[in-house]
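J.: I would like to see how this sequence folds:
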Amino acid sequence: MTESIALELNHVNVAYGEKPVVKDVSMKFPKNQISALIGASGSGKSTLLRSLNRMNDDIATVTGEINFEGLNINDPKTNVYRLRQSIGMVFQQPTPFPMSIYENVIYGLRLAGVNDKKVLDAQVELSLKQAACGTKLRIN
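T.: Below is the predicted model of the structure:
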């Protein structure tokens with residue numbers, strides 16, 4: 001029985017300018033399984049992960065092939081926004097967008113087309129309470 005592959009990397013290289021950071025990585029990630037990348041600090045793990053959802057597009061050169069569910073994600077026709085709906089990242093350190101906390105919290109709702117201020121306000125209040133940021137909030 002052949003295992004089903006969600007993501008496959010073939011001879012992937014990533015360079016920042018002339019400096020190679022990831023060299024000739026080939027690996028497969030099976031569907032519906034947890035996989036881990038382990039390596040020393042500075043070994044290129046984060047750079048490789050950023051390449052999986054094209055976060056390196058403007059800052060690095062990625063060569064080789066990265067196939068997600070059979071499609072080459074580096075194809076110029078790939079819709080990066082749709083790709084990122086399937087391949088996300090959770091950062092070790094919080095990385096807010098350069099906007100207010102309110103706008104960061106509702107960013108996903110805005111992308112989904114939600115614009116009702118009462119709904120947005122309620123979600124911000126709930127999210128911040130759940131994050132233990134306090135119970136009394138004033139939302140403008």
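J.: all helices of this protein, in order?
T.: 45-52, 80-86, 101-111, 117-130 (DSSP state H).
J.: domain ranges for this protein?
T.: Following automatic domain parsing, the chain resolves into domains at 5-86, 96-140.
J.: mind putting those in TSV, mean neighbour count included?
T.: C-beta here means a position set from N, CA and C on the backbone, and glycine is covered the same way. Output for the domains of the chain, formatted as TSV (neighbours: other C-beta atoms under 10 Å):
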stretch	mean neighbour count
domain 5-86	14
domain 96-140	12
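J.: Compare those domains and say which comes out lowest on pLDDT.
T.: Note on these: domain 96-140 shows the lowest mean pLDDT, a mean of 85.
J.: Could you check how far it is from the centre of its chain?
T.: 21 Å (C-alpha atoms, centre = their mean, to the nearest Å).
J.: Repeat that for stretch 30-42.
T.: Stretch 30-42 has its C-alpha centroid displaced from the chain centroid by 15 Å (C-alpha atoms, centre = their mean).
J.: Mind listing residues that contact it?
T.: For stretch 30-42, contacts defined as C-beta atoms under 8 Å, 6 or more residues apart in numbering pick out E3, S4, I5, A6, F29, K45, L48, L49.
J.: picking that back up, just put the helices of the chain in CSV and tack on distance to T95.
T.: Below are the helices of the chain laid out as CSV (distance: least, C-beta to C-beta, whole Å):
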stretch, distance to T95
helix 45-52, 12
helix 80-86, 14
helix 101-111, 10
helix 117-130, 17
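J.: For Q92, which of those is the nearest?
T.: helix 45-52 (8.4 Å; C-beta to C-beta).
J.: Can you pull out the residues in contact with that closest one?
T.: Residues from elsewhere that reach helix 45-52, judged by C-beta under 8 Å, 6+ apart: 7, 12, 14, 21-22, 25, 37-39, 56, 60, 62, 66, 68, 73, 87, 89.
J.: Now with 7 Å, please.
T.: Helix 45-52 has contacts (C-beta atoms under 7 Å, 6 or more residues apart in numbering) with 7, 12, 14, 21-22, 25, 37, 39, 56, 62, 66, 87, 89.
J.: If we only consider the residues you listed, which is nearest to I106?
T.: Checking those against I106 by C-beta to C-beta gives M89 as the nearest, at 19.8 Å.
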